[in-house]
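A.B. asks: this one's sequence-less:
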């Protein structure tokens, strides 16, 4: 019989530590703004161009910049104080989103401008992601890692939920430009919050050269089969989810049930993620990574509902909630597994390889899914995405290293 670990310290225990509070506050502000922008961007492109293929081009440009610069972002986050890195990234993100909002509100937005600003925003995310991911274990004792990651996930989803809800209302009532402008303000506020994030530095002097740093991070990344197997799985899973929610979903929503409902559906997924985080903080089995990875199959439920000729909106709300709750079990297990097994001074670089592998196919999926949908229809495209997600997840759970990894 598999042994399990009970609740342990309460879920709010990490909040006793000031650096953790600053980290979570900044992330909530960023994700509230991004929640609004994630709803608004696709509709902004549709308003300007009227083309699903060009929606994919704009959102894919951000992903492409993110992916191409992630490794450099990981090196910077291990060489420099991580709080300083994320402060600079917040300034760059606020600038890019502010310029995009201004262009939309003044009627001067063009496809070329939206692509350029998406590239700039993706560069900011590439610097931000490895640094933020590696900071959690610096803000709490090791005994609180599971609770801290679960609470960070809850805060993240709360930010996304409220942002998406506000974004759906703002897009429906005011237009997408205002929602993207709010994202710029939130990034500026997050930069201020991160000024209060003070932790011992793990920065490594940059005398070895970027290539040497990258090779050292790569050696650590490939040393554990469960790491690269999960990353390969999420190369497919993330590409499918982003294609479905950034391109196909908004197109179906425009034709079937409206933009505001789509924003609320995405917010419901965030509520599911939030509830999943609460459950993960209270209990996970010792083989948490295997358990969480298997639950990723549930993320395909919204695809099947949305693929119907006339999607049942109540069923779609339920599917989005359940999918979120299931996937957050994986997220907490993954974060704890990596943080327990990778040395702190290499953590940002390993996270950058993780993010690179997990996200590298996202721009391909986002750009390619538009023409595919125009050729075979959005519904059939969603079924293809669901089949690929299921195949990748089943392959991962069959790997011995994933099944056997246990929490410390």
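C.D. replies: Perfect, I can see it now. All figures in this text were calculated on a predicted structure; none of them were measured in a lab. Numbering: from 1, shown residues only.

A.B. asks: Show me the shaky parts of the stretch 1-150 of the chain.
C.D. replies: Scanning the stretch 1-150 of the chain for pLDDT under 70 picks out 1-10.

A.B. asks: What segments of it are strands?
C.D. replies: With strands called from DSSP state E, counting those that start in this stretch, the stretch 1-150 of the chain shows them at 4-5.

A.B. asks: Show me the helices in it, by range?
C.D. replies: For the stretch 1-150 of the chain, the helices defined by DSSP state H, counting those that start in this stretch occupy 18-49, 52-79, 82-105, 111-139, 145-173.

A.B. asks: Which elements pack onto the shortest one?
C.D. replies: Packing contacts for helix 82-105, counted by 3 or more C-beta pairs under 8 Å, 6 or more residues apart in numbering; DSSP states H and E, involve helix 18-49, helix 52-79, helix 111-139, helix 176-193. Using the backbone N, CA and C atoms, a C-beta is placed for each residue, glycine as well.

A.B. asks: Check which helices and strands the second one is in contact with.
C.D. replies: Applying 3+ C-beta pairs under 8 Å, 6+ apart, one finds that helix 52-79 contacts helix 18-49, helix 82-105, helix 111-139, helix 210-222, helix 225-243, helix 249-256, helix 347-359, helix 362-376.

A.B. asks: Ignoring the adjacent residues along the chain, who's closest to residue 396?
C.D. replies: Nearest residue to residue 396 in three dimensions, chain neighbours excluded: residue 233, at 4.0 Å (C-beta to C-beta, 6 or more residues apart in numbering).

A.B. asks: Let me see the contact set for the one you found.
C.D. replies: Residues in contact with residue 233 (C-beta atoms under 8 Å, 6 or more residues apart in numbering) are 293, 296, 392-393, 395-396.

A.B. asks: for residue 330, same thing?
C.D. replies: Residues 289, 292-293, 295-296 are the ones in contact with residue 330 under the rule C-beta under 8 Å, 6+ apart.

A.B. asks: about what we covered before: give me the buried subset of the contacts of residue 233.
C.D. replies: Taking 16 or more other C-beta atoms under 10 Å as the criterion, what is buried in the contacts of residue 233 is 293, 296, 392-393, 396.

A.B. asks: sorry, back to before: please produce TSV containing the contacts of residue 330, extended by pLDDT, secondary structure and distance to residue 130.
C.D. replies: TSV is the format used below for the contacts of residue 330 (pLDDT from 0 to 100; DSSP: H, G, I helix; E, B strand; the rest coil; distance: C-beta to C-beta, whole Å):
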residue	pLDDT	secondary structure	distance to residue 130
289	89	helix	20
292	90	helix	21
293	93	helix	22
295	93	helix	25
296	93	helix	22
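
A.B. asks: now the helices of the stretch 1-150 of the chain as JSON lines including mean neighbour count and distance to residue 189?
C.D. replies: Listed next are the helices of the stretch 1-150 of the chain as JSON lines, based on neighbours: other C-beta atoms under 10 Å; distance: least, C-beta to C-beta, whole Å:
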{"stretch": "helix 18-49", "mean neighbour count": "24", "distance to residue 189": "5"}
{"stretch": "helix 52-79", "mean neighbour count": "24", "distance to residue 189": "21"}
{"stretch": "helix 82-105", "mean neighbour count": "22", "distance to residue 189": "9"}
{"stretch": "helix 111-139", "mean neighbour count": "23", "distance to residue 189": "15"}
{"stretch": "helix 145-173", "mean neighbour count": "24", "distance to residue 189": "12"}
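
A.B. asks: Minimum distance to residue 327: which of those has it?
C.D. replies: For these, distance to residue 327 was read as C-beta to C-beta. The smallest value, 10.2 Å, belongs to helix 145-173.
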